[in-house]
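Participant: Just a sequence and a predicted model for now, questions to come.
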Amino acid sequence: MKSKFITFEGSEGCGKSTQSEMLFTYLKSKGHNVIYLREPGGVKLSEDIRLMLLDPKNRICAQAETLLYMTARAQVVEEIIKPALEDGKTVVCDRFLDSTVAYQGFGLGVDIKLIKIMGDFATQGIQPDLTIFLDLPIEKGLECRNNCPDRIEQRSLSYHEKVRQGYLMLAKEEPCRIKVVEVLADKLDTQNKIREIVHVF
Ligand code: TMP
């Protein structure tokens with residue numbers, strides 16, 4: 001496998017962080033020069049913005065929310081993702097621009113064309129080579145939610161369903177880049193499906 005930008009997407013409680021970390025550890029063990037990040041986060045400014053975004057005490061309108069996710073993204077792209085890819089490293093990232101299209105676009109009704117234009121600015125045109133969308137029914141994912149849900153997790157079932165359907169539409173639009181992986185009961189089985197896709201890619 002050549003150096004690649006691989007992102008993970010999914011709705012709440014789908015096991016995305018576990019699966020992306022498992023893939024990162026696996027690729028490292030195979031000798032790949034690989035880094036791991038999560039979004040929003042990865043650098044100080046973006047982690048600070050993450051705390052703001054997820055704090056249930058904050059009132060944040062849809063426009064501000066979209067811009068904050070984009071700001072967090074712009075900084076981690078400039079500081080970490082862009083230099084890593086230019087260095088020939090593989091980047092595994094837990095969430096990226098598709099999250100904004102799904103959560104703020106499909107979920108909150110922010111204009112998706114506008115999100116894509118802002119996204120292009122924030123990412124400097126950097127796009128994932130491969131995106132793994134982990135698909136799990138919303139009710140199942142939300143069952144895994146802890147007893148202090150964050151500002152986004154607190155949203156209604158119908159909001160989260162719109163997010164999931166949004167992801168499925170994105171996957172239909174870009175079947176070469178976005179691969180839908182059904183979440184299986186055993187996390188190793190799910191991981192093996194992901195590795196098969198990464199190897200072929
Ligand atoms: P996480 O739970 O995957 O760590 O992500 C944090 C939350 O932020 C999660 O509820 C999804 C949400 N999110 C958005 O709403 N838009 C975005 O652009 C990103 C990256 C995350």
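Facilitator: Alright, I've got the coordinates. Residues are numbered from 1 along each chain as shown.

Participant: Need the residues that contact the lowest-mean-pLDDT helix or strand in the chain.
Facilitator: Ranking every helix and strand in the chain by mean pLDDT, DSSP states H and E puts helix 138-143 at the bottom, with a mean of 86. If you take CB atoms under 8 Å, 6 or more residues apart in numbering as the criterion, helix 138-143 is touched by 10-14, 153, 157, 160-161, 164. Quick note: C-beta positions are derived from backbone N, CA and C, even for glycine.

Participant: Separate out the buried members of the residues you listed.
Facilitator: Taking 16 or more other CB atoms under 10 Å as the criterion, what is buried in the contacts of helix 138-143 is 10-14, 153, 160-161, 164.

Participant: Give me the subset of those residues that also touch the ligand.
Facilitator: Among the buried ones among the contacts of helix 138-143, proximity to the ligand is found for 12, 153 (CB under 6 Å from any ligand atom).

Participant: In JSON lines: the buried ones among the contacts of helix 138-143, plus pLDDT.
Facilitator: Formatted as JSON lines, these follow (pLDDT from 0 to 100):
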{"residue": "G10", "pLDDT": "97"}
{"residue": "S11", "pLDDT": "93"}
{"residue": "E12", "pLDDT": "90"}
{"residue": "G13", "pLDDT": "88"}
{"residue": "C14", "pLDDT": "92"}
{"residue": "E153", "pLDDT": "93"}
{"residue": "H160", "pLDDT": "96"}
{"residue": "E161", "pLDDT": "97"}
{"residue": "R164", "pLDDT": "97"}
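
Participant: ok, the buried ones among the contacts of helix 138-143 vs K179, which is closest?
Facilitator: Nearest to K179 out of these is G10 (CB to CB; 11.9 Å).

Participant: And I60, how close does it get to L53?
Facilitator: Note on I60: its distance to L53, by CB to CB, to the nearest Å, is 7 Å.
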